[in-house]
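In: Sequence below, structure please.
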Amino acid sequence: MTTPSSPYPLLDSLAAPQQIRHFTPAQLEQLAAEVRAFLIASVSETGGHFSSNLGTVELTVALFHHFDFLQDRIVWDVGHQSYPHKILTGRKDRFPTLRMHNGLSGFLKRDESPYDHFGAGHASTSISAVLGMATARDLQKQDHTCIAVIGDGSMTAGMAFEALNQAGYLETKNFLVILNDNDMSINPNVGSLQGYLNQIMSGQYYHRWRDRIEHAIKAIPLEGLSKGVAKAAKWSEESFKRLMVPGLLFEDLGFRYMGPVNGHDVNATSKALAEAKEKMKDGPVLLHVQTKKGYGYEPAVQDPLKWHGVTAFDAEAGEIIKAASDPTKPAPPSYTSVFGKTLVELAKTDEKIVGITAAMLDGTGLNILQKAFPERCFDVGIAEQHAVTFAAGLAAQGMRPVCAIYSTFLQRGFDQVAHDVCIQDLPVTFALDRAGIVGADGPTHHGLYDLAYLRCLPNIILMAPKDENELRQMLMTSIYCGHPAALRYPRGNGLGVPLETPITALPIGKGELLREGDGLLLCAVGAMVAPAMALAESLQEEGLSCAVINARYIKPLDDALIREWAGRCKGLVTLEEGCAPGGFSSAVAESLADAGLLRPMLRCAVPDHLVHHGDPKRLLEEEGLGPKSLFRRIQAFASQI
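Out: Now for the predicted structure:
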């Protein structure tokens, strides 16, 4: 009996990635083909980030051919283009656990592998981090190369240019920035920078002439010429550069620009990296690599947005596998779609309403507004700080901006929320999608901190809907309250409640009593309101009477309602899908303390630690917020008072 041969013979033979440094050109091509085939087969079983990773296969193989990343340093911006890196660094056999509980992370993690030099799930951090590594290397008299791979729209963020500015000023050597230019972030790239890169792509002939012209000009014995002629010669060199590539932005920032290079030609990319190694000896280099998102898998090439992040799929048919559903019970609409449709509904009657997002049109539901009112929908690229202050400027001139940004990504614009919006009391609405535990993306993407980091700011109104109808009401309330306002809501589908028309605004700072009782007060907010009601029913069957309040507002808190029912009950339980320090439970505790009302209190929130990736229901149970764990915790609490 013969053992079937492996479909990945070269990949399986790798004992360590350092072996790739000795591969022939033909072996590099074979390795790239095997990595791509493995990537397609593996992610089709587990799901994960897909099209971005398909685009970096040849680049990754070429990098390992020239560098030893136990010594050299590399940071992959965001990290969702790093699966090939993981495959080549000893984690191939763990890919069946990708993004699963206690399994392989979908991003880079320093504690997962010695080859992961910097962790990231947000964009545009790579150049700053690698510049710090290069500076530390120089201060410690070490000798290795430091590389940042930035792409998927990450170059649009101001932080990337702040780092380029300093690196060029420092003239940092053995420092390489690779611009993985694929015309995409998640949605297509926007802004004038993308147009600039397209100009470079159409002006490749410049690079064939640059070295010749520079050599010819340098050969002129300028010391024997008059100052005027010498100045003219230098002016001619600079004019030539700007004529052939308008702006020469990267060279003006102090980088030696190389490219563009076909990033799917592994040997051309390898040759470019060899040249870059030499040029880096004199100062920082930027290598422009052109790739295609989804390369090598035609469905992903045709629709890179659909295939950016996927669930399991049929690789042969090119179809994403959908979860089985009951056709007689259609799923409720997602919170994201309800938000997008409600915003359009309100925008139809108010021309001052505009929508703003940071490279997440589809993810936030603003694609619905873009289709209806394209002139009033703005995608600013991966630039959350700019998005917030842009919204503040609109509000200062009488518009009603709605800034739709994931909870975890608004952290990037915190100073702008504080300084440009809240201090000036400008009526900007922040719609925070993906609040709470989001699952497979892990700690960089869980929206656990928004209640804490927004509650401390002056003038802001902060709320969370218990269902999709209340989301509609809160969106209207936010837009017309006349102050900064934020509403946060979870990923996934709503509860299937009726959507009232017309939409009515809610009174500011007023919660609602959903159930009376005299044993415990369950005071819940947002996604935890429905579980609180279910818990009250279950606890009633055990002889424990519970009142339930839907707080609605985290700020201003409905002090009167909460204090009244806390005084009527023997104990108080707060429930929130957010971090315990500084969040909703802190607000309730502060309110009771200010009133001199002392009551036994159980705070059900995410403890002060990192929540890793995995199935959201399982993570909620582990954090004490799932139905079973909540029931046990509340029963134990009640027995002690």
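
In: Helices of the stretch 1-150 of the chain, start to end?
Out: 9-12, 25-46, 51-54, 57-66, 83-86, 126-139 (DSSP state H, counting those that start in this stretch).

In: Look at residue 393 and say how many residues are nearby.
Out: Residue 393: 13 surrounding residues under other C-beta atoms under 10 Å. All C-beta spots, glycine's among them, are computed from the backbone N, C-alpha and C.

In: begin at 36 from here
Out: Shifting the count to begin at 36 puts that one at residue 428.

In: For it, which three-state class applies?
Out: Here residue 428 is recorded as helix under DSSP: H, G, I helix; E, B strand; the rest coil.

In: Got the confidence number for it?
Out: With respect to pLDDT, residue 428 has a value of 97.

In: And residue 295, by the same measure?
Out: pLDDT recorded at residue 295 is 89.

In: got CSV for the helices of the stretch 36-185 of the chain, with mean neighbour count too?
Out: What follows is the helices of the stretch 36-185 of the chain, written out as CSV (neighbours: other C-beta atoms under 10 Å):
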stretch, mean neighbour count
helix 44-47, 15
helix 60-81, 19
helix 86-89, 28
helix 92-101, 26
helix 118-121, 27
helix 161-174, 20
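
In: Which among the ones you listed is found nearest to residue 551?
Out: Among the helices of the stretch 36-185 of the chain, helix 60-81 comes nearest to residue 551, with 47.3 Å by C-beta to C-beta.

In: Please save the CA atoms from whatever helix or strand residue 286 lives in in CSV.
Out: Taking DSSP states H and E as the criterion, residue 286 maps to helix 284-287. The C-alpha trace of helix 284-287 is given here as CSV (Å, rounded to 0.1, in the frame of the first residue of the first chain):
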residue,chain,number,x,y,z
LEU,A,284,6.6,62.5,-2.6
PHE,A,285,8.5,59.7,-1.1
GLU,A,286,11.9,61.0,-2.3
ASP,A,287,11.1,64.4,-1.0
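
In: what would the helices of the stretch 36-185 of the chain look like in TSV with mean pLDDT and distance to residue 205?
Out: Listed next are these as TSV, based on pLDDT from 0 to 100; distance: least, C-beta to C-beta, whole Å:
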stretch	mean pLDDT	distance to residue 205
helix 44-47	94	39
helix 60-81	95	33
helix 86-89	92	30
helix 92-101	97	23
helix 118-121	96	27
helix 161-174	95	7
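
In: pLDDT on the helix holding residue 286, on average?
Out: 84.

In: Contact partners for residue 585?
Out: Contacts for residue 585 (C-beta atoms under 8 Å, 6 or more residues apart in numbering) come out as 501, 546-547, 549, 559-560, 564.

In: Need phi/psi at it.
Out: Per-residue torsions, residue 585: phi -90, psi 110 (degrees, to the nearest 10).

In: Pull up the gap between it and residue 632, please.
Out: 20 Å (C-beta to C-beta, to the nearest Å).

In: coming back round to it: next, check the contacts of residue 585 against the helices and list the overlap.
Out: Members of the contacts of residue 585 lying in helices (criterion: DSSP state H): residue 564.

In: What helix or strand is residue 465 located in?
Out: Per DSSP H and E: strand 464-468 holds residue 465.

In: I would like the residues contacting that strand, please.
Out: 370-371, 374, 398-400, 435-442, 445, 452, 482, 485, 489, 510, 513-514, 519-524, 526.

In: Check the gap between the spatially most central residue of the chain and residue 99 for me.
Out: Central residue of the chain (C-alpha atoms, centre = their mean): residue 157, 4.4 Å from the mean position. Separation of residue 157 from residue 99 (C-beta to C-beta): 25 Å.

In: for the residue nearest to the centre of the chain, what are its contacts?
Out: Counted by C-beta under 8 Å, 6+ apart, residue 157 has contacts 113, 443-444, 447, 479.

In: Quickly list the domain ranges of the chain.
Out: 44-238+280-344, 370-523, 550-674 (automatic domain parsing).

In: Which elements pack onto the strand ranked longest in the chain?
Out: Longest strand in the chain by number of residues (criterion: DSSP state E): strand 606-614. Using 3 or more C-beta pairs under 8 Å, 6 or more residues apart in numbering; DSSP states H and E, the elements in contact with strand 606-614 are helix 485-490, strand 555-559, helix 564-576, helix 619-629, strand 636-641, helix 662-674.

In: Most tightly packed of these?
Out: strand 555-559 (a mean of 28; mean count of other C-beta atoms under 10 Å).

In: How about stretch 295-312, which residues are buried there?
Out: Using 16 or more other C-beta atoms under 10 Å as the test for burial, stretch 295-312 gives 295-299, 301-302, 304-305, 307-308, 311.

In: picking up where we left off before, so what strands line up beside the longest strand of the chain?
Out: The strands beside strand 606-614 in its sheet (DSSP bridges) come out as strand 555-559 (parallel), strand 636-641 (parallel).

In: Please consider this matter closed, and thank you.
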